[in-house]
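S.K.: sequence first, predicted model second:
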Amino acid sequence: MSTMHFHLRLWKQKSATDQGEFIEIDAKEIPSECSFLEMLDIVNNRLTREGKEPVSFASDCREGICGTCHMVINGVPQGPGRGAACQVYMRKFSNGQTITVEPYRVGAFPIVKDLVVNRSAYDRIIRSGGFISEHTGGAPDASATLIPKPVADAAMDAAACIGCGACAAACPNSSAMLFVGAKVTHLGLLPQGQAERKKRARSMVRTMQEEGFGNCSNYYACEAVCPAGVKADVISMLNREYIRGELSEAVGAID
Amino acid sequence: MSGPASSSKKSCCSCSPLFSSSIGRKWIVALTGIVLVLFVIGHLLGNLSIFLGPDAMNAYAAFLKSTGELLWIVRIVLLTCVVLHIWFTITLWHENKRARPQKYAVKNELGTTVYARLMRISGLTVLAFVIYHLAQFTWEAFNPEYKTWVDAQGRHDVYRMVVTAFSCPLVSGFYLIAVGLLGMHLSHGIASLFQTLGLSNQKLRPVFERGGLILAWILFVGFASIPASVLLGLVKVTSGLPSCPVCH
């Protein structure tokens, strides 16, 4: 078992209103097979033993599924490489490297403490349109609704979105278009999502604006960092869906 | 779900969300962008008449002037497009700046192209150039004597005016910088408008991006060829040496 050492610059901020600053820590004797979060655990344990306050960060599943471990590692939201921050391993860095860890810088995601931000703006966007109406009662046969394979595949690709917020964090405009596009594409492609289809894009985009996210400039930084590999196709589809809904509304169409 | 709750949330006045929403405004920027790109293509094709000689260019200019009201309709449409294109971009940009109140300590360009990042500066420089360009050749504000120049057929001698103006390296230099930035603006803009209008997907995006870049280069080379040819002496006036309007 080999060990490595790193020079860490970690963001410390007491609360949303606090100024905040970087603290510099020399992280010595870190096992090279550590994940990034395990490395932070080791550093925090040492800080606690020294009677100092540990650095707060969020994590949950630690297996790349939930996207809770939102943080920006060396300028990359959710860290370098594909997958969430928990899927980053220390062996990917070079020995002695300086690693800067900062929180998401998105106005709509206020900082709670240190590296932890409040991402509930995404929940409110989902609440405004990221749902379908469904029958109650017994589960229908899986084969009862026929869905062509390419449509099912495209819907699944969009449904891979874990709502981690890396898209808005990477976007120079802090836009949430990849997230909203993923939901609108995923639900809009499937037969089960048709009942709300016309309204969905309109209300989700409206909520996105009210939450203070920026507008898309087609930079594609979102696509470059998305841990779930969601493609910017979904933004094109969102643009289409939105205008269709808005024009229908403008001319007074029922459907 | 909707009803009074959603209608009370409607932004600003009674105007349609098409003009206030994030995507609606982007559609307007994209659609006006198409009109402006078409103008740029048409303008270049017209300008290239300089290579057919003084007669062709002066005849083309006289033809444009003879269209009368039609010319004014086109001018008003273009001006409206310019105003809408810039106004909605500014409002979107203002919101984008507000959405990211604090910058990252470590900057990472992640996927963005330099053309995309320079859209505002390239757009505003082109705007400044267009105003200068109109003042120079349309209003003839810097050199009122241009107004008096006529060719043998009694038409306004546009050919002599253009060659004279471009024989000054300063005028040509600004022109080359402006059309260079215009090319950069269009290379992102053309590819981007298909995405904004919802016509793009994973398969088509590289096609639009390459197509935008190629069209931008064609336009740049086309426009740049005019001052370059004048400076290289390939296009010149036959009667008398042109005097530089700026440096004399």
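M.R.: Thanks, I have it. As the structure is a computational prediction, the values presented were derived from the model and not from experiment. Residues are numbered from 1 along each chain as shown, chains lettered A, B, ... in the order given.
S.K.: what bits of chain A have low per-residue confidence?
M.R.: A:1, A:255 (pLDDT under 70).
S.K.: where exactly do the helices run in it?
M.R.: Ranges of helices in chain A, per DSSP state H, are A:36-49, A:120-127, A:149-159, A:166-170, A:177-189, A:197-210, A:221-225, A:233-251.
S.K.: other SSEs contacting the second one?
M.R.: Same thing as helix A:120-127. On a contact count with 3 or more Cβ pairs under 8 Å, 6 or more residues apart in numbering or on different chains; DSSP states H and E, helix A:120-127 meets helix A:177-189, helix A:197-210. Where you see a C-beta, it was placed from the backbone N, CA and C, and this is true even at glycine.
S.K.: contact partners of that helix?
M.R.: A:108-109, A:163, A:165, A:176, A:179-180, A:183, A:204, A:207-208, A:211-213 (Cβ atoms under 8 Å, 6 or more residues apart in numbering or on different chains).
S.K.: tabulate the helices and strands packed on helix A:120-127 (CSV), appending mean neighbour count and distance to residue A:121.
M.R.: Shown next, in CSV, are the helices and strands packed on helix A:120-127 (neighbours: other Cβ atoms under 10 Å in any protein chain shown; distance: least, Cβ to Cβ, whole Å):
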stretch, mean neighbour count, distance to residue A:121
helix A:177-189, 28, 10
helix A:197-210, 23, 8
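S.K.: got those helices as a markdown table, with distance to residue A:22 columns?
M.R.: A markdown table is the format used below for the helices and strands packed on helix A:120-127 (distance: least, Cβ to Cβ, whole Å):
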| stretch | distance to residue A:22 |
| --- | --- |
| helix A:177-189 | 28 |
| helix A:197-210 | 31 |
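S.K.: residue A:222: which of these is closest?
M.R.: Ranking those by proximity to residue A:222 (Cβ to Cβ) places helix A:177-189 first, at 3.9 Å.
S.K.: verify the stated contact: residue A:9 with residue A:24.
M.R.: Yes - using Cβ atoms under 8 Å, residue A:9 is in contact with residue A:24, at 5.8 Å.
S.K.: between these two, which has more neighbouring residues?
M.R.: Between residue A:9 and residue A:24, counted using other Cβ atoms under 10 Å in any protein chain shown, the more crowded position is residue A:9 (17 against 9).
S.K.: give the contact list for the more buried one.
M.R.: Contacts of residue A:9 (Cβ under 8 Å, 6+ apart): A:22-24, A:98-101, B:105.
S.K.: relative to residue A:240, how far out is residue B:111?
M.R.: From residue B:111 across to residue A:240, the span is 22 Å (Cβ to Cβ, to the nearest Å).
S.K.: typo on my end, it should be residue A:140
M.R.: From residue A:140 to residue A:240 the distance is 30 Å (Cβ to Cβ).
S.K.: neighbour count for those two, which is higher?
M.R.: residue A:240 (19 against 10).
S.K.: how about the nearest residue to that one, chain neighbours excluded?
M.R.: Counting by Cβ to Cβ, 6 or more residues apart in numbering or on different chains, residue B:198 is the residue found nearest to residue A:240 once chain neighbours are left out, at 2.9 Å.
S.K.: redo the helices and strands packed on helix A:120-127 as CSV? Include distance to chain B.
M.R.: Listed next are the helices and strands packed on helix A:120-127 as CSV, based on distance: least, Cβ to the nearest Cβ, whole Å:
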stretch, distance to chain B
helix A:177-189, 8
helix A:197-210, 5
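S.K.: would you confirm that residue B:171 contacts residue B:164?
M.R.: No - using Cβ under 8 Å, residue B:171 is not in contact with residue B:164, being 9.4 Å away.
S.K.: about what we covered before: just put the helices of chain A in TSV and tack on distance to residue A:5.
M.R.: Listed next are the helices of chain A as TSV, based on distance: least, Cβ to Cβ, whole Å:
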stretch	distance to residue A:5
helix A:36-49	11
helix A:120-127	36
helix A:149-159	40
helix A:166-170	28
helix A:177-189	36
helix A:197-210	43
helix A:221-225	27
helix A:233-251	41
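S.K.: so the residue nearest to residue A:240 lies in a helix, does it not?
M.R.: No - when DSSP: H, G, I helix; E, B strand; the rest coil is applied, residue B:198 is found to be coil, with no helix at that position.
S.K.: burial count for it?
M.R.: Neighbour tally, residue B:198, other Cβ under 10 Å: 20.
S.K.: thought residue A:39 was touching residue A:90?
M.R.: Yes - Residue A:39 is within contact range of residue A:90, at 5.4 Å (criterion: Cβ under 8 Å).
S.K.: overlap in contacts of the two?
M.R.: The contact lists of residue A:39 and residue A:90 share A:6, A:30, where a contact means Cβ under 8 Å, 6+ apart.
S.K.: which helix or strand in chain B has the lowest average pLDDT?
M.R.: helix B:4-8 (a mean of 39; mean pLDDT, DSSP states H and E).
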